[in-house]
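Enquirer: pasting the sequence and the predicted model now:
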Amino acid sequence: MKKILVLCTGNSCRSQIAHGYLIFFAEKKAVIYSAGIETHGVNPKAITIMKEDGIDISHHTSNNVDEYKDIDFDFVITVCDNAKENCPYFPSNAKKFHFNFPDPAKATGTEEQIMVEFERVRNMIKIYCQNFVKENL
């Protein structure tokens with residue numbers, strides 16, 4: 001079984017969304033972990049936007065990447081430039097992937113406009129995760 005780590009800055013939004021979709025698309029072909037360089041807690045809007053697509057991430061926790069330093073990952077996916085630049089060295093042959101998704105937590109405007117941005121980013125991450133699983137698992 002493959003081991004995949006999704007890494008972001010705070011493990012609150014983009015990495016949590018990717019974590020949820022990778023579990024969904026990989027089915028039982030991989031064990032999925034997500035972490036951040038820091039921990040900011042799981043963003044409630046990320047939970048809401050995922051629930052709208054039928055995926056429950058409300059039980060996820062925000063984890064620090066140091067918690068996983070002894071795991072031999074097959075893949076490490078960074079979902080923001082900050083995580084890519086600060087990603088710690090993993091003593092493994094993990095293949096590294098990167099995509100700098102916009103941070104919906106930084107969206108401004110009305111509540112509706114902010115949720116539209118969360119949905120837009122969620123959909124980008126969904127397509128990325130679906131393609132990742134198809135091409136790598």
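Expert: Great, that's in hand.

Enquirer: identify the residues contacting Asn11.
Expert: Ser34, Ala35, Gly36, Glu38, Thr39, His40, Val42, Ser62, Asn63, Asn64 (Cβ atoms under 8 Å, 6 or more residues apart in numbering). Backbone N, C-alpha and C define where each C-beta goes, glycine included.

Enquirer: now the buried members of those residues.
Expert: Buried subset of the contacts of Asn11 (neighbour count, 16 or more other Cβ atoms under 10 Å): Ser34, Ala35, Gly36, Thr39, Val42, Ser62, Asn63.

Enquirer: could you list which of those belong to strands?
Expert: Ser34, Ala35, Gly36 (DSSP state E).

Enquirer: so the last one touches Val79, yeah?
Expert: The one in question is Gly36. No - using Cβ atoms under 8 Å, Gly36 is not in contact with Val79; the gap is 10.2 Å.

Enquirer: if I look at the two, which residues touch both of them?
Expert: Overlap of the contact sets of Gly36 and Val79 (by Cβ under 8 Å, 6+ apart) consists of Leu7, Cys8, Ser15.

Enquirer: look up the closest residue to the last one, ignoring the ones flanking it.
Expert: The reference is to Ser15. Leaving out its chain neighbours, the residue that sits closest to Ser15 by Cβ to Cβ, 6 or more residues apart in numbering is Cys8, at 3.6 Å.
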